[in-house]
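Student: please find the sequence and the predicted model below.
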Amino acid sequence: MVTELNKYDLQWCIRRLPPSVRSMLKKNEVIVAGGYIRSCILNEPVNDVDLFVHSKEYAKEIALDMVGDDEKRLIETDNAITMKGLKYTTQFITRWLYERPESILESFDFTICQAAFWWDHYCQRWKSSCSCDFYSDLAAKRLVYTKPIREEEPGGSILRVLKYYQKGYRIVLESYAEVITRLANGVDFSGQMVDRSGNLDTHQFCKVIKGLMREVDPNIDPDHIIH
């Protein structure tokens, strides 16, 4: 079930946007969702603004328009198109594409990320959407795993748990178990994962787990200094 953002929170999120992004939203079918909204509501420093669209081509077209066709100001990866030179790091997420805000909310792995807003061109006003648990879990700094159905690295959610812990969040035991299960489910237990006695090779298992997490965040140890 979903509800709407408090109108004052919505206004604050809109006001904190870079003017060029705010203007762009009123001209295009683009949705702001995720961590930017959480940071605004909690009055935390904003790290980035994630924008969601229905196609990568559409995102590239809008991004080029925003940087004045200066492609040097764009950084393209398999996951996003990032625009340099704005107040905050602003990126179009292209790994996952959506046409409906509800689909975006369903794709987030924790309830504290399940919030979005956009400009409704038909009604000519700002609209928003968030999960019913968004505010209560945000207030409690509680991590509740949503078990999203989407293609992602198995180690993604468990790394985000670590990052949220550094910000003072805590995860409920059931959710933590589900996040661990998600990670373990990405492991191929055949072949070298089992020793000659048929038992789990814990050393090899540990190496695989570290590898899965490094795939998500190569900055953990990019030069393999700790090995």
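Tutor: Okay, I see it. Numbers count the residues shown, from 1 in each chain.

Student: spatially central residue in this structure, please.
Tutor: Nearest to the geometric centre of the chain sits G34, at 6.0 Å (C-alpha atoms, centre = their mean).

Student: quick one, what contacts it?
Tutor: The contact partners of G34, taken as C-beta atoms under 8 Å, 6 or more residues apart in numbering, are D50, F108, C113, A115, A116. Heads up, the C-betas are built off the backbone N, CA and C, glycines and all.

Student: got phi/psi on the fourth one?
Tutor: The reference is to A115. Per-residue torsions, A115: phi -150, psi 150 (degrees, to the nearest 10).

Student: what's the burial count for it?
Tutor: By other C-beta atoms under 10 Å, the residues close to A115 number 33.

Student: same thing with the first one?
Tutor: One way to gauge burial is a neighbour count; for D50, by other C-beta under 10 Å, it gives 21.

Student: go on, the last one?
Tutor: Counted with other C-beta under 10 Å, residues neighbouring A116 total 27.

Student: show me the helices in the chain, by range?
Tutor: Counting by DSSP state H, the chain has helices at residues 7-15, 19-25, 35-41, 56-66, 101-107, 134-139, 156-166, 173-184, 202-216.

Student: what's the most buried one of these?
Tutor: Among the helices of the chain, ranked by average contacts under mean count of other C-beta atoms under 10 Å, first place goes to helix 35-41 (a mean of 22).

Student: how about residues contacting it?
Tutor: 5, 9, 12-13, 16, 44-50, 88, 112-113, 115-117, 130, 138.

Student: strands - which of the residues you listed land there?
Tutor: D48, V49, D50, A115, A116, F117, C130 (DSSP state E).

Student: go through those residues and name the one nearest V21.
Tutor: Using C-beta to C-beta, the shortest approach to V21 within these belongs to V49, at 6.3 Å.

Student: where's that closest one relative to T90, distance?
Tutor: 5 Å (C-beta to C-beta, to the nearest Å).

Student: touching both of those two, which residues are there?
Tutor: Joint contacts of V49 and T90 (C-beta under 8 Å, 6+ apart) are P18, V21.

Student: and the residue nearest to the centre of the chain, backbone torsions?
Tutor: Note on G34: backbone dihedrals following degrees, to the nearest 10 are phi 90, psi -140.

Student: just the pLDDT at it, thanks.
Tutor: We note a pLDDT of 94 for G34 in this prediction.

Student: same question, the one 4 residues further on
Tutor: In the prediction, the pLDDT value recorded for R38 is 97.

Student: mind pulling the model confidence for P222?
Tutor: 40.

Student: scratch that, A139 is what I was asking about
Tutor: pLDDT for A139: 96.

Student: that one: what's it in contact with?
Tutor: Listed by C-beta under 8 Å, 6+ apart, the contact set of A139 is empty.

Student: thinking again about what came up before, so which of the helices of the chain is nearest T82?
Tutor: Of all these, helix 56-66 comes closest under C-beta to C-beta, at 8.5 Å.
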